[in-house]
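1. pasting the structure only:
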């Protein structure tokens, strides 16, 4: 059959608009279907990502990201404190055990006494900080003494001030710091025994940094040891590698295939209509243009509907530092779904043939 002149873009747009407003396209149905697919599959990926973020946060919060080098009298506190200025290092500080001290109100219950460089208070969980004269005490010890920050405490060694407190939960950390008194001193005043470094992820970089804190004239009989502060959670992994290796990483591809099936269904379900139009002289390219315009309409509606939900979920479920990467990854899912739907519509349109009109009629 001889084909008529090609349809102008404006005419194709008008035809698509009529099909959308009349319900022929069933745009609402397919937009809802695509929206449900995008939200469900995005939720799976966000759950996996949130799990990775939670594990990384737990690792840091429980002190497993803290690495310690031990060398009795061999640590330079100034170099140790300076490590906090390196990229990726959250905090660093030096420590030295000084025996025991006791408070006048509890003379029979001495606590372990430590001297620490000024940066060490940043290593302790929920520390109120103490870079001035005085003592840092665990919150439980301060409570048992009935003391508040700034209050003068009577010890068997003389009066001192409570300069701050910190938490030290029983979560796998060594117990020593849970019943202790820490006195911040100038970083260059002592030769310290330990340097603590909080860096996640760390790996070999952390160890290399810690070895720089040792004095050059370290005695031959002193053998430095590098240990993990809280080893109950195992060794540190690589968050970036774990993120790329997550099971839901192929979700955009899966969503794209799902969108492809939806796009195929949307057009193939109207194959009798399109074959009849071809039989009456319509051009295939005009059909393709009209079908793509209709598909763009309901896929765009699905993307617009899902994007705010995905953004809110990503911002709520992940910390600020991870927002950019998580949002980009999550938005790939509706974009790939819409792209798949458009491709499916184009493929279905290409496979509808006029000479199959009778077969389409019988299977309607």
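-> That came through, no problem. It should be emphasised that the depicted structure is a prediction, and the values quoted were computed from it without experimental measurement.
2. where do the strands of the stretch 101-250 of the chain begin and end?
-> Secondary structure of the stretch 101-250 of the chain, counting by DSSP state E, counting those that start in this stretch: strands at 106-116, 135-138, 152-155, 158-166, 180-184, 191-199, 225-228.
3. among those strands, which comes closest to residue 314?
-> Across those, residue 314 has its closest neighbour in strand 191-199 (26.2 Å, Cβ to Cβ). Heads up, the C-betas are built off the backbone N, CA and C, glycines and all.
4. partner strands of that closest one, with direction?
-> Paired strands of strand 191-199, with direction, are strand 66-76 (antiparallel), strand 89-103 (antiparallel) (DSSP bridges).
5. just to revisit the earlier point, closest one to residue 290 among the strands of the stretch 101-250 of the chain?
-> Once these are compared by Cβ to Cβ, strand 191-199 is nearest, at 58.6 Å.
6. what angle sits between the closest one and strand 106-116?
-> On the basis of axes from the mean of the first three to the mean of the last three Cα atoms, to 10 degrees, strand 191-199 is oriented at 70 degrees to strand 106-116.
7. where does pLDDT dip in the chain?
-> Residues of the chain meeting the criterion pLDDT under 70: 1-12, 15-16, 129-132, 203, 281, 321, 354-358, 360-364.
8. will you turn the strands paired with strand 191-199 into JSON lines that also has mean neighbour count and distance to residue 205?
-> Shown next, in JSON lines, are the strands paired with strand 191-199 (neighbours: other Cβ atoms under 10 Å; distance: least, Cβ to Cβ, whole Å):
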{"stretch": "strand 66-76", "mean neighbour count": "21", "distance to residue 205": "10"}
{"stretch": "strand 89-103", "mean neighbour count": "19", "distance to residue 205": "10"}
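9. just send the ones you listed back as a markdown table, with distance to residue 246 too.
-> As requested, these are arranged in a markdown table below (distance: least, Cβ to Cβ, whole Å):
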| stretch | distance to residue 246 |
| --- | --- |
| strand 66-76 | 26 |
| strand 89-103 | 25 |
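10. right, and those strands - which one's nearest residue 342?
-> The nearest among these, by Cβ to Cβ, is strand 89-103 at 46.0 Å.
11. who wins for proximity to residue 240 among the strands of the stretch 101-250 of the chain?
-> Nearest to residue 240 among these is strand 191-199 (14.6 Å), distances taken as Cβ to Cβ.
12. what distance do you get for the closest residue to residue 225 other than its chain neighbours to residue 112?
-> Closest residue in space to residue 225, ignoring its immediate chain neighbours: residue 70 at 4.6 Å, by Cβ to Cβ, 6 or more residues apart in numbering. Relative to residue 112, residue 70 is positioned 16 Å away (Cβ to Cβ, to the nearest Å).
13. circling back: which among the strands of the stretch 101-250 of the chain is found nearest to residue 18?
-> Using Cβ to Cβ, the strands of the stretch 101-250 of the chain put strand 191-199 closest to residue 18, at 62.9 Å.
14. and the helices in the stretch 201-350 of the chain?
-> 203-211, 239-244, 251-268, 271-279, 284-317, 323-351 (DSSP state H, counting those that start in this stretch).
15. what comes up buried for the second one?
-> Along helix 239-244, these residues count as buried under the neighbour rule (16 or more other Cβ atoms under 10 Å): 239, 243.
16. also the last one?
-> When neighbours are counted by 16+ other Cβ under 10 Å, the buried residues of helix 323-351 are found to be 326-327, 329-346, 348-349.
17. figure out how far that helix is from the centre of its chain.
-> 23 Å (Cα atoms, centre = their mean, to the nearest Å).
18. same question for the first one.
-> With Cα atoms, centre = their mean as the basis, helix 203-211 stands 24 Å off its chain's centre.
19. what packs against it?
-> strand 66-76, strand 191-199 (3 or more Cβ pairs under 8 Å, 6 or more residues apart in numbering; DSSP states H and E).
20. report the angle between the axes of it and strand 66-76?
-> 30 degrees.
21. try the last one
-> Interaxial angle of helix 323-351 relative to strand 66-76 (the same axes, to 10 degrees): 140 degrees.
22. quick check: residue 123 touching residue 194?
-> No. Judged on Cβ atoms under 8 Å, residue 123 makes no contact with residue 194 at a distance of 10.6 Å.
23. residue 152: what's it in contact with?
-> 159-162 (Cβ atoms under 8 Å, 6 or more residues apart in numbering).
24. name the nearest of those residues relative to residue 233.
-> Nearest member of the contacts of residue 152 to residue 233, counting by Cβ to Cβ, is residue 162, at 31.7 Å.
25. and residue 46, which of the strands paired with strand 191-199 is closest to it?
-> strand 89-103 (26.0 Å).
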